[in-house]
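Colleague: Take this sequence and fold it.
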Amino acid sequence: MTKRVSWRGALTRIGRLGFVLGLLWPVFGFAQLAEPPVDVFAMARLHYRGGGDWYNDPSIIPNLQRFIREHTTLQTADDEVRVTLEDDKLFQCPILFMTGHGRIRFSQEEAQRLRTYLENGGFLYADDDYGMDKYFREEIKKVFPDKELVELPVSHPIYHIVFDFPKGLPKIHEHDGKPAQGFGIFDKGRLVVYYTYQTNISDGWADPEVHGDPENLRQAALKMGTNIVIYALTH
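Modeller: Modelled structure (predicted):
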């Protein structure tokens, strides 16, 4: 089930970061890059330090962006953007995405820069691709030592904004057989970090032959990814 959402006025947070906006009515749009300005959205993959495979599954973001383009009025790019926390482009990216199977390391300078990005309108979506959990929790604590990851209730709008997930986060991969969980960090009432655990949503965005997921799970993953992007752009 999909929902029609009113977007007018919902992107004001982006102005605090100096993002370049292009509103494509009647619903919405987003200009993502400043040189040159374009009227499409591209998700930014975070190239982090530590040795983890930050580049995992190159097909996932293009596939998600294609699905979003086909099922909403948001105009999306064909490919992803790649940034580091030291990159000048960081503050031009409305959404950072990170995944991987292993180690992550933020320097204190990188942690502070990420905090500044998030406190001023940015959004981080992290998806544990099995093995990332311990390191992500340690490093995000450097970013927000004064905040905790809290599990989002199934009533949270991120599970209902475009596609309806009445039971909350869908389970895409078994991992340890534990239930899928979605955690968040809030700043001044705004969700700035969303972390999915024991499900691996982004693997479900990959080309069908990569992981062999059945089509119903791929569709659930793509729909949940759409919710994450639309929620992040409008809150």
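Colleague: For residue 91, give me the pLDDT.
Modeller: At residue 91, the pLDDT value in this model is 94.
Colleague: actually residue 212, not the one I typed
Modeller: 78.
Colleague: Start at 9, not 1
Modeller: Got it, first residue is 9 now, which makes that one residue 220.
Colleague: ok, it - how many residues close by?
Modeller: Number of residues near residue 220 (other Cβ atoms under 10 Å) recorded here: 7. Backbone N, C-alpha and C define where each C-beta goes, glycine included.
Colleague: and what of the one 4 residues further on?
Modeller: The burial count assigned to residue 224 is 9, neighbours taken as other Cβ under 10 Å.
Colleague: quick one: it from residue 78, how far?
Modeller: As judged by Cβ to Cβ, to the nearest Å, residue 224 and residue 78 stand 18 Å apart.
Colleague: Let's verify residue 99: helix, strand, or coil?
Modeller: Classification of residue 99 by DSSP: H, G, I helix; E, B strand; the rest coil places it in helix.
Colleague: so it sits right up against residue 125, yeah?
Modeller: Yes - counting by Cβ atoms under 8 Å, residue 99 touches residue 125, with 6.3 Å between them.
Colleague: what's next to the least confident helix or strand in the chain by mean pLDDT, contact-wise?
Modeller: Across the helices and strands of the chain, mean pLDDT, DSSP states H and E gives its lowest value to helix 216-219, namely a mean of 83. Outside helix 216-219, the residues that touch it by Cβ atoms under 8 Å, 6 or more residues apart in numbering are 65, 67, 181, 211, 212, 223, 226.
Colleague: Whichever of those residues end up buried, select them in PyMOL.
Modeller: Of the contacts of helix 216-219, the buried ones go into a single PyMOL selection, burial set by 16 or more other Cβ atoms under 10 Å:
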select buried, resi 65+181+211+212+226
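Colleague: Buried residues of stretch 235-243, list them for me.
Modeller: So, applying 16+ other Cβ under 10 Å, buried residues of stretch 235-243: 235, 236, 237, 238, 239, 240, 241, 242, 243.
Colleague: Quick one: residues contacting the fourth one.
Modeller: Residues near residue 238 by Cβ under 8 Å, 6+ apart: 13, 76, 80, 82, 169, 170.
Colleague: Make a markdown table from the buried residues of stretch 235-243 and add pLDDT and distance to residue 109 to it.
Modeller: Shown next, in a markdown table, are the buried residues of stretch 235-243 (pLDDT from 0 to 100; distance: Cβ to Cβ, whole Å):
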| residue | pLDDT | distance to residue 109 |
| --- | --- | --- |
| 235 | 98 | 24 |
| 236 | 98 | 20 |
| 237 | 98 | 23 |
| 238 | 97 | 28 |
| 239 | 97 | 26 |
| 240 | 97 | 24 |
| 241 | 96 | 28 |
| 242 | 94 | 31 |
| 243 | 92 | 29 |
